[in-house]
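K.L.:
generate coordinates for the sequence data below:
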Amino acid sequence: MDLEKSKMPKTKNTIVSKVLAKVFSDVESSLRGEDISLEAGFFGENSELAAYAYILSEGGEAESLSQAKAVDAILQRIYRDEASEVSEDNMIACLTLGFYGLLFAKYDDEDFRYLYRYAMRAIRKYSVVEKWLKKALVFESLLHHIDSEGVFSRVLFWLKYLGAPIFNPMVLAETCQEFDVDAEKYIEQPEIKLIDTIRRHSEYLEEALGKRSYHETRNATKDWLPDALSSELLSIYRKSANDEAQSKIRDDMSPKDAFKQVSEVFKKTGFQSNSESVLPVRLQDLHSPPDPPAIDPIVFELIPKKLRMDLLSAVAYSTKTKRIEVIFLGGARIGQSGILIKTDTGGILMDFGLSVANHRIPEWVPELEMIDSVLVSHSHLDHIGGLPVLYEKYTGKWCSVGFTGAITKALLQDAIKVGTPHLPRKKDKWDLVSRFTHDNVDKVSKNHVQLELGKSSEVGPGILVTPIDASHIPGSVSYLVDIEGVKILYTGDFNIDKSVLFPGANLPTDPDMIIFDGTYWGRVDFDRHKVSETISDVIQTSGPVIIPSFAVGRSQEILVTLDNLGITRQRNVMVAGLAEHITKLVGISGNWQGLKKNKVTLDKEDVLVAGGGMMGGGLARQHFKEHRKNPEAAVILCGYLAPRTPGWNLLHGYEPHDCQVEYARLSAHSSASNLEKYIKSCKGKKVIVHTPYPDAPKGLIMPEFQERIILKT
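P.N.:
Okay, the predicted model is just below:
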């Protein structure tokens with residue numbers, strides 16, 4: 001094995017450089033057949049771990065490093081989700097080995113995130129993991145930055161990416177000292193001191209704020225302050241701003257004049273989230289607002305009946321919006337979708353998801369607590385998983401079409417059953433995701449409003465929306481939003497292609513802005529005919545056959561495909577678990593049956609379609625384990641497989657098996673070629689979201705989190 005020191009990561013930090021130099025020296029000793037130093041590594045680990053990770057990253061063998069090899073054996077079982085119990089010491093050793101693997105490019109970011117998430121389940125004392133994590137993240141950050149501000153910024157990025165609790169930046173300064181990084185200048189900034197004061201003395205928030213305006217406080221705290229504390233700060237400032245505004249309102253003042261007066265107060269007192277506009281003026285929130293004018297009967301009829309009680313006062317006090325802000329709270333990448341459209345007097349929220357990879361919800365902004373209603377495009381967790389969190393404070397309604405309401409309730413209840421969210425954030429009252437509770441799921445269930453496909457409805461003051469079939473999953477829609485003649489099309493997840501379930505979406509091309517699902521932008525097209533051939537060939541030659549499939553959408557498509565191929569009349573096709581419940585719920589039927597409760601093993605003639613498309617658990621994983629050594633059995637994977645999930649491991653050869661494994665690639669998103677053709681035909685601003693594409697393609701806008709796009713009416 002040829003060693004090239006140039007491949008070792010570089011840094012100007014002396015401490016990290018010494019660690020990496022020792023690793024290289026240990027690698028050289030090991031390759032010469034010599035024992036390496038017994039001195040503990042930087043994390044207190046056996047020195048073999050770093051050398052072992054480097055040798056493997058270069059394609060070499062490290063058989064002589066027996067202790068590292070033993071740790072790697074545990075690590076590989078963790079990655080296969082086969083480690084029954086892992087001790088605290090072994091888990092930290094695996095984290096360290098995985099971390100060095102990340103540094104030396106044997107593993108990637110997704111691998112490291114999976115390992116961290118696993119450690120959360122394996123180690124009960126989070127303080128043990130947090131202590132290790134702080135050192136690891138500062139170490140990694142020093143490979144990219146030498147200044148403390150850059151290090152803190154990158155650590156914050158990692159915490160969000162991993163789904164780790166956001167700790168007080170003050171505590172990170174102590175870790176920086178171990179690397180001879182002077183963080184004093186950074187933590188002495190007034191903003192960081194304010195965050196520290198608020199976090200340590202949350203019972204004295206008003207005293208901590210002093211004479212700062214809301215705008216000043218928001219700018220100072222938005223990066224490192226937990227969102228739940230940011231929400232508490234908003235409540236304090238909001239009451240103060242409304243009280244001062246109320247003092248300026250006369251009994252004979254018209255709503256139009258009152259709006260102007262309140263706007264002036266908000267601007268004067270700095271009750272705004274950005275320097276260009278104040279927060280929404282909601283006269284109905286004042287203690288004694290002026291008398292409202294009568295509502296136009298035509299407008300009244302446009303408001304859905306179940307929304308009227310919530311919206312009448314907002315509509316009565318509304319004025320013509322002059323400025324629209326589209327705020328991207330999540331979903332620029334695939335994960336937690338959330339887009340807020342702010343008007344002068346309120347706004348709407350479109351989707352509010354939960355990332356299954358790290359349990360992050362969309363970014364918090366103050367406008368979230370001033371919306372008039374919520375529109376949900378479809379019932380997948382990355383679009384609806386944050387609703388229980390929202391309903392901790394939100395008292396309004398959420399709207400959807402078709403089966404989305406019923407499916408959403410089923411998915412949220414199922415998420416609670418499987419332990420969403422995970423510890424330690426589940427018990428952290430300042431982490432908004434801790435509000436994903438039974439009570440809030442019940443609030444979601446009780447506050448749903450059904451909209452009609454193709455029928456325009458007023459869902460906020462001056463906000464007219466028309467749901468259009470999105471052909472993604474049962475109940476999925478795109479929303480055409482019209483605000484004072486400005487049209488915004490939010491596609492949600494949509495599919496232009498024809499499938500066995502849908503004819504394909506037919507969306508307008510003339511909106512002023514289109515916010516579209518770019519899941520397959522720039523990727524290779526998939527072939528549904530080839531998928532059908534693969535499924536047919538595998539089932540003809542194998543048995544039993546297990547088809548792990550997402551409960552919503554994919555399971556129904558697979559079942560109808562099996563029916564169309566005649567397989568349901570030739571073999572015993574069964575559907576189980578949540579997939580069976582959803583299939584019945586949406587009214588799709590065929591020559592298949594539900595898995596009987598007393599059927600504990602699969603027979604040769606059985607074909608099982610079961611929820612859990614990534615095989616993370618459930619009946620699909622259970623029956624795979626039963627037949628993994630059966631060369632006559634087969635598993636057909638048919639959807640997206642997140643890295644390091646059991647399905648991904650199985651497909652990429654990390655999961656030992658003798659059964660046949662095939663990947664029948666299906667998608668409920670638009671194929672790349674049809675997507676590009678449609679977007680080229682659109683005339684307005686084109687905003688791509690929900691995409692793995694790294695950079696904005698030519699002619700498209702790819703927003704950052706909390707980015708705002710302004711539209712004038």
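K.L.:
residue ranges with poor pLDDT in the stretch 201-350 of the chain?
P.N.:
331 (pLDDT under 70).
K.L.:
change it to 50
P.N.:
With pLDDT under 50 as the threshold, the stretch 201-350 of the chain has no low-confidence stretch at all.
K.L.:
in it, which spans are helices?
P.N.:
Taking DSSP state H, counting those that start in this stretch as the criterion, the stretch 201-350 of the chain contains helices spanning 205-209, 214-221, 227-246, 255-269, 297-302, 305-316.
K.L.:
could you export the longest one as CSV, CA atoms only?
P.N.:
This points to helix 227-246. Taking Å, rounded to 0.1, in the frame of the first residue of the first chain, the C-alpha atoms of helix 227-246 are listed here in CSV:
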residue,chain,number,x,y,z
ASP,A,227,-37.1,28.3,18.9
ALA,A,228,-39.4,27.8,21.9
LEU,A,229,-37.6,30.6,23.7
SER,A,230,-37.8,32.8,20.5
SER,A,231,-41.5,32.2,20.6
GLU,A,232,-41.7,33.3,24.2
LEU,A,233,-39.8,36.5,23.4
LEU,A,234,-42.2,37.2,20.6
SER,A,235,-45.2,37.0,23.0
ILE,A,236,-43.6,39.6,25.2
TYR,A,237,-42.9,42.0,22.4
ARG,A,238,-46.3,41.4,20.7
LYS,A,239,-48.2,42.3,23.8
SER,A,240,-46.2,45.4,24.3
ALA,A,241,-46.6,46.5,20.6
ASN,A,242,-50.3,45.8,20.7
ASP,A,243,-50.8,47.7,24.0
GLU,A,244,-48.9,50.8,22.6
ALA,A,245,-50.9,50.5,19.3
GLN,A,246,-54.2,50.3,21.2
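K.L.:
next, the angle helix 214-221 makes with that helix.
P.N.:
When axes from the mean of the first three to the mean of the last three Cα atoms, to 10 degrees is applied, the directions of helix 227-246 and helix 214-221 differ by 170 degrees.
K.L.:
please name every helix or strand in contact with helix 227-246.
P.N.:
The helices and strands touching helix 227-246, judged by 3 or more Cβ pairs under 8 Å, 6 or more residues apart in numbering; DSSP states H and E, are helix 190-200, helix 205-209, helix 214-221, helix 255-269. Backbone N, C-alpha and C define where each C-beta goes, glycine included.
K.L.:
with mean neighbour count and distance to Glu676 added, can I get these in JSON lines?
P.N.:
As requested, those are exported to JSON lines (neighbours: other Cβ atoms under 10 Å; distance: least, Cβ to Cβ, whole Å):
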{"stretch": "helix 190-200", "mean neighbour count": "18", "distance to Glu676": "43"}
{"stretch": "helix 205-209", "mean neighbour count": "14", "distance to Glu676": "50"}
{"stretch": "helix 214-221", "mean neighbour count": "20", "distance to Glu676": "39"}
{"stretch": "helix 255-269", "mean neighbour count": "17", "distance to Glu676": "43"}
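K.L.:
for Arg308, find the nearest of those helices.
P.N.:
Each of the helices and strands packed on helix 227-246 was scored for nearness to Arg308 using Cβ to Cβ, and the closest is helix 255-269 (19.0 Å).
K.L.:
contacts for the closest one, please.
P.N.:
Residues outside helix 255-269 that contact it (Cβ atoms under 8 Å, 6 or more residues apart in numbering) are 213-214, 240-241, 244-245, 248-249, 253, 271-272, 278-279, 281, 283, 286, 289-290, 292-293, 316-317, 319, 344-345.
K.L.:
nearest to Thr568, out of the helices of the stretch 201-350 of the chain?
P.N.:
For the helices of the stretch 201-350 of the chain, distance to Thr568 was read as Cβ to Cβ. The smallest value, 39.6 Å, belongs to helix 305-316.
K.L.:
ok so, going back, any quick ChimeraX command for the buried ones out of the contacts of helix 255-269?
P.N.:
Here the buried members of those are turned into a ChimeraX selection, burial being counted by 16 or more other Cβ atoms under 10 Å:
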select :213,214,241,245,249,253,271,272,278,279,281,283,286,289,290,292,316,317,319,344,345
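K.L.:
returning to that earlier point: JSON lines for the helices of the stretch 201-350 of the chain, including distance to Gly492?
P.N.:
Converted to JSON lines, the helices of the stretch 201-350 of the chain look like this (distance: least, Cβ to Cβ, whole Å):
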{"stretch": "helix 205-209", "distance to Gly492": "37"}
{"stretch": "helix 214-221", "distance to Gly492": "29"}
{"stretch": "helix 227-246", "distance to Gly492": "24"}
{"stretch": "helix 255-269", "distance to Gly492": "33"}
{"stretch": "helix 297-302", "distance to Gly492": "22"}
{"stretch": "helix 305-316", "distance to Gly492": "20"}
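K.L.:
mind checking those helices for the one nearest to Phe403?
P.N.:
When these are ranked by distance to Phe403, counting by Cβ to Cβ, first place goes to helix 305-316 at 17.4 Å.
K.L.:
what's the end-to-end length of stretch 703-710?
P.N.:
Its start and end residues considered, stretch 703-710 measures 13 Å (Cα to Cα, to the nearest Å).
K.L.:
that one: which residues count as buried?
P.N.:
Applying a neighbour-count criterion of 16+ other Cβ under 10 Å, the buried positions in stretch 703-710 are Pro703, Phe705, Gln706, Arg708, Ile709.
K.L.:
how close does the first one sit to Trp521?
P.N.:
Pointing back at Pro703 there. Applying Cβ to Cβ, to the nearest Å, one obtains 15 Å for the distance of Pro703 from Trp521.
K.L.:
got it, and the last one?
P.N.:
Here the criterion is Cβ to Cβ. By it, Ile709 lies 19 Å from Trp521.
K.L.:
could you do the fourth one as well?
P.N.:
With distances taken as Cβ to Cβ, Arg708 is found 23 Å from Trp521.
K.L.:
one more: the second one?
P.N.:
Between Phe705 and Trp521 the distance, using Cβ to Cβ, works out to 19 Å.
K.L.:
pLDDT below threshold where in the stretch 451-600 of the chain?
P.N.:
Under the criterion pLDDT under 50, no range of the stretch 451-600 of the chain is flagged.
K.L.:
all helices for it, in order.
P.N.:
Remark: helices assigned in the stretch 451-600 of the chain by DSSP H, counting those that start in this stretch are 528-541, 554-564, 567-570, 577-585.
K.L.:
now render the ones you listed as a markdown table, adding distance to Arg333 and mean neighbour count.
P.N.:
Compiled in a markdown table, the helices of the stretch 451-600 of the chain are given as follows (distance: least, Cβ to Cβ, whole Å; neighbours: other Cβ atoms under 10 Å):
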| stretch | distance to Arg333 | mean neighbour count |
| --- | --- | --- |
| helix 528-541 | 26 | 16 |
| helix 554-564 | 21 | 23 |
| helix 567-570 | 37 | 16 |
| helix 577-585 | 26 | 21 |
